[in-house]
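Novice: Below is the structure, and that's it, no one-letter string:
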Ligand SMILES: Cc1ncc(COP(=O)(O)O)c(C=O)c1O
């Protein structure tokens, strides 16, 4: 494996380390765009991994980038000055809305009537126009989803309709279409069914609202399988299904994050201690979930493999299940629980796969003030 060559070269002082195969991410993004064949535009959801090199590698191969805060917006504008940017997310401040106008955001995803009124006032005060998608949140069970966006995301169909009179009084706002991101972690079949549901609601609504050549952003949420790093979202089936749903004179757009970058990132560290507690074997690793919170948030065993250090090395365990923990003073600091290993010893390196999305950037870095990881790009 390409990453193992890098793992062997990392000095101890460089651990823990994130290794990102940005060239692999770029190729993967290009393949996704190719498979979708123009039926749907792809914007990369930068929240999955906003590392500048990642944003560049992926963002240059897709149609645009979706951001969810003023911070992400500035950052992505710096990393990719020419990118088409969509700005979504709940609770945008007036300062963020002004920033969106100043930095040339192409589409603003508006989350509530109050946000729309504030945006209208700001466009008037600044004498600028803004192109808007209204975010809808359709009711319904999100079967099979890892995360359903129940709660204050977007507007119910009743509430969204109250935006029309606001828009009628706001000459500097242009309604371009609707946006929906209803759930995450959906396989190709389930996400297609969900997107059909969105289209079935959106098309008549947009026709009644007289939006010419409407845009429908169908969100992200393509599944990844943490139990099998080789498994990939079935873009081919999804591409065929979404092509069959597409109609002329409208633009369909998606904004996947996790599935675009997760497979091309690794968190690499080494074993500081091996011991037993209450009959169970533990390996204590340098670093922890303050660097790599993914297994805690997903409540899963992060896939990993062991790269042996110099032998013999003790303490160690052989042919038994081991729990991999970090250096934090909390029982929640666990990467993987009771997973069988052939052998693991102090000094071995542990390579966690699927660390390319929602990993470093969602972690609580300052807890216990351990050193930060180093970052390496292939
Ligand atoms: C509005 C919106 N779009 C896109 C995404 C990306 O979702 P995923 O990373 O599951 O593809 C998210 C994730 O929360 C989101 O909230």
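Specialist: That came in fine, so what should we check first? Treat the numbers as computed from the prediction; the structure is a model and nothing was measured.
Novice: C-alpha from now on. contacts and neighbour counts both.
Specialist: Noted.
Novice: show me what contacts residue 232?
Specialist: Residue 232 sits next to 224-225, 259 when contact means CA atoms under 8 Å, 6 or more residues apart in numbering.
Novice: Could you dump those residues into JSON lines with neighbour count added?
Specialist: As requested, the contacts of residue 232 are exported to JSON lines (neighbours: other CA atoms under 10 Å):
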{"residue": "224", "neighbour count": "24"}
{"residue": "225", "neighbour count": "15"}
{"residue": "259", "neighbour count": "24"}
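Novice: just the helices in the stretch 251-378 of the chain please.
Specialist: Remark: helices assigned in the stretch 251-378 of the chain by DSSP state H, counting those that start in this stretch are 258-261, 294-298.
Novice: I'd like these as TSV, with distance to the ligand appended.
Specialist: Listed next are the helices of the stretch 251-378 of the chain as TSV, based on distance: least, CA to the nearest ligand atom, whole Å:
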stretch	distance to the ligand
helix 258-261	4
helix 294-298	12
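Novice: Need the winner for burial among those.
Specialist: helix 258-261 (a mean of 26; mean count of other CA atoms under 10 Å).
Novice: and that one, how far out from the chain's middle?
Specialist: The chain centroid and the centroid of helix 258-261 are separated by 6 Å under CA atoms, centre = their mean, to the nearest Å.
Novice: What average pLDDT does that helix get?
Specialist: Mean pLDDT, helix 258-261: 98.
Novice: Let me know the helix or strand that residue 116 is in.
Specialist: Assessed by DSSP states H and E, residue 116 sits inside helix 113-126.
Novice: That helix: which residues count as buried?
Specialist: By neighbour count on 16 or more other CA atoms under 10 Å, the buried set for helix 113-126 is 113, 115-117, 119-123.
Novice: which other residues reach the lowest-mean-pLDDT helix or strand in the chain?
Specialist: Every helix and strand in the chain was compared by mean pLDDT, DSSP states H and E; the lowest is strand 147-148, with a mean of 76. Strand 147-148 is contacted by residues 142, 182-185 when judged by CA under 8 Å, 6+ apart.
Novice: before we move on, what about stretch 355-371?
Specialist: Contacts of stretch 355-371 with the rest of the structure, by CA under 8 Å, 6+ apart, involve 18, 20, 47-50, 257-258, 261-267, 287, 289-294, 328, 372.
Novice: Flag every buried residue along that stretch.
Specialist: Buried-residue list, stretch 355-371, by 16+ other CA under 10 Å: 355-363, 365.
Novice: To what extent is the closest residue to residue 307 other than its chain neighbours buried, counted in neighbours?
Specialist: Distance criterion CA to CA, 6 or more residues apart in numbering; nearest residue to residue 307, sequence neighbours excluded, is residue 349 at 5.0 Å. Residues within reach of residue 349, counting by other CA atoms under 10 Å, total 26.
Novice: Next: residue 139.
Specialist: 10.
Novice: And the pLDDT for it?
Specialist: Looking at residue 139, its pLDDT stands at 74.
Novice: Residue 145 now?
Specialist: We note a pLDDT of 74 for residue 145 in this prediction.
Novice: How about residue 286?
Specialist: 98.
Novice: Tell me how far it lies from residue 303.
Specialist: Distance of residue 286 to residue 303, given as CA to CA, to the nearest Å: 17 Å.
Novice: ok, now which ones touch residue 61?
Specialist: Residues near residue 61 by CA under 8 Å, 6+ apart: 26, 29-30, 33.
Novice: And for residue 296?
Specialist: 289, 332-335.
Novice: what about it, distance to residue 358?
Specialist: Counting by CA to CA, the separation of residue 296 from residue 358 is 11 Å.
Novice: close enough to count as contact, residue 178 and residue 217?
Specialist: Yes - counting by CA atoms under 8 Å, residue 178 does reach residue 217; the two are 6.3 Å apart.
Novice: neighbour count winner among these two?
Specialist: Each of residue 178 and residue 217 has its neighbours counted (other CA under 10 Å); residue 217 has more, 27 against 24.
Novice: Noted, bye for now.
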